[in-house]
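> Predicted model, plus sequence, below.
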Amino acid sequence: MKAHRSLKWSLACTVAALCSLSLIPSAQVLGQESGITGRVTLSSALPEPEIVSVRSDRDACGSQVLVSLIEGENGGLKNAVVRIVGVEGQPPADFAEPVLDQRGCLFEPRVVLVAPGQQLDVLNSDGIMHNVHTKSKANRGVNKSMPKFLTKITLDFAEPEVITVRCDVHRWMHAVIVVAEHRYYAVTHADGSFMLPSLPDGIYTLEAWHPELGAKETTFEVSGGVAAGVQIVF
Ligand SMILES: [Cu+2]
């Protein structure tokens with residue numbers, strides 16, 4: 001009985017240890033390159049989403065669409081674009097398969113990162129007519145209808161820039177495509193967290209930009225290629 005209890009206890013300890021370890025980014029556990037980690041937070045409460053009444057396309061959109069321009073969880077700010085300022089000339093980005101979907105009569109995600117020349121798949125998951133209309137300065141404009149049978153188009157943009165996207169069919173549909181200058185860009189997750197690649201040791205400036213809230217900066221130090229807990233508060 002005693003042996004059973006101690007076995008159970010040691011199993012519990014092992015599980016607890018594994019669980020606590022899993023909270024630490026695996027690269028840190030292994031002592032390898034783990035990069036720059038941090039969080040963008042919001043000091044005020046999240047605003048209520050705008051409720052938009054839908055007149056047509058109700059099968060795909062529903063009778064109402066909730067448009068949340070500022071989103072997040074647990075005090076974190078989602079969809080902020082973080083970037084390291086002043087590191088131009090660094091290797092180009094290699095963002096994993098950027099996709100901009102039209103689903104439930106909203107663009108998903110609202111903010112998408114691409115490298116210059118990288119292919120961006122624009123999907124139409126709704127099976128209704130959407131339209132992808134970009135506004136930009138450095139890149140050619142795009143204004144393409146996506147009828148219900150056209151489920152995918154592929155775009156690419158040569159010049160670093162922030163490009164706004166809207167759908168002319170559904171006026172509430174907005175998104176932002178950020179063509180990154182270099183690889184030190186990320187979009188924050190729902191809890192505001194982000195991870196950027198490792199940098200040589202030194203003092204750097206991090207900018208966080210949100211389509212609705214503008215930009216803020218902070219400085220931080222990289223030591224041993226790593227910086228953790230970098231924070232920007234909006
Ligand atoms: Cu649309």
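Thanks, I have it. Residues are numbered from 1 along each chain as shown.

> CA only for contacts and neighbour counts going forward, please
Will do.

> Buried residues, stretch 79-92. List them.
Using 16 or more other C-alpha atoms under 10 Å as the test for burial, stretch 79-92 gives 79-84.

> Please parse this structure into its domains.
1-32, 34-233 (automatic domain parsing).

> Relative to G224, how far out is D101?
To G224, D101 is 39 Å away according to C-alpha to C-alpha, to the nearest Å.

> So which of these two has more stuff around it?
D101 (20 against 14; other C-alpha atoms under 10 Å).

> who touches that one in this structure?
Applying C-alpha atoms under 8 Å, 6 or more residues apart in numbering to D101 gives the contacts 107-109, 122-125.

> now the residues you listed in a markdown table, with pLDDT, distance to the ion and secondary structure?
A markdown table is the format used below for the contacts of D101 (pLDDT from 0 to 100; distance: C-alpha to the ion, whole Å; DSSP: H, G, I helix; E, B strand; the rest coil):
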| residue | pLDDT | distance to the ion | secondary structure |
| --- | --- | --- | --- |
| F107 | 97 | 8 | strand |
| E108 | 97 | 12 | strand |
| P109 | 97 | 14 | coil |
| V122 | 98 | 12 | strand |
| L123 | 98 | 11 | strand |
| N124 | 97 | 9 | strand |
| S125 | 96 | 11 | coil |
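
> Buried only: go through those residues for me.
Here, 16+ other C-alpha under 10 Å leaves 107-109, 122-125 buried among these.

> so what pLDDT did the residue of the chain found nearest the ion get?
Closest contact between the chain and the ion, by C-alpha to the ion, is at H130 (3.7 Å). We have a pLDDT of 97 for H130.

> and it, what does it touch?
H130 touches 102, 124, 145-148, 167-170, counting by C-alpha under 8 Å, 6+ apart.

> Which of those residues fall within helices?
Among the contacts of H130, DSSP state H puts none in helices.

> Which among those residues count as buried?
102, 124, 146, 167-168, 170.

> and which of the residues you listed is nearest to V40?
Closest approach to V40 among the buried ones among the contacts of H130 (C-alpha to C-alpha): Q102, at 26.3 Å.
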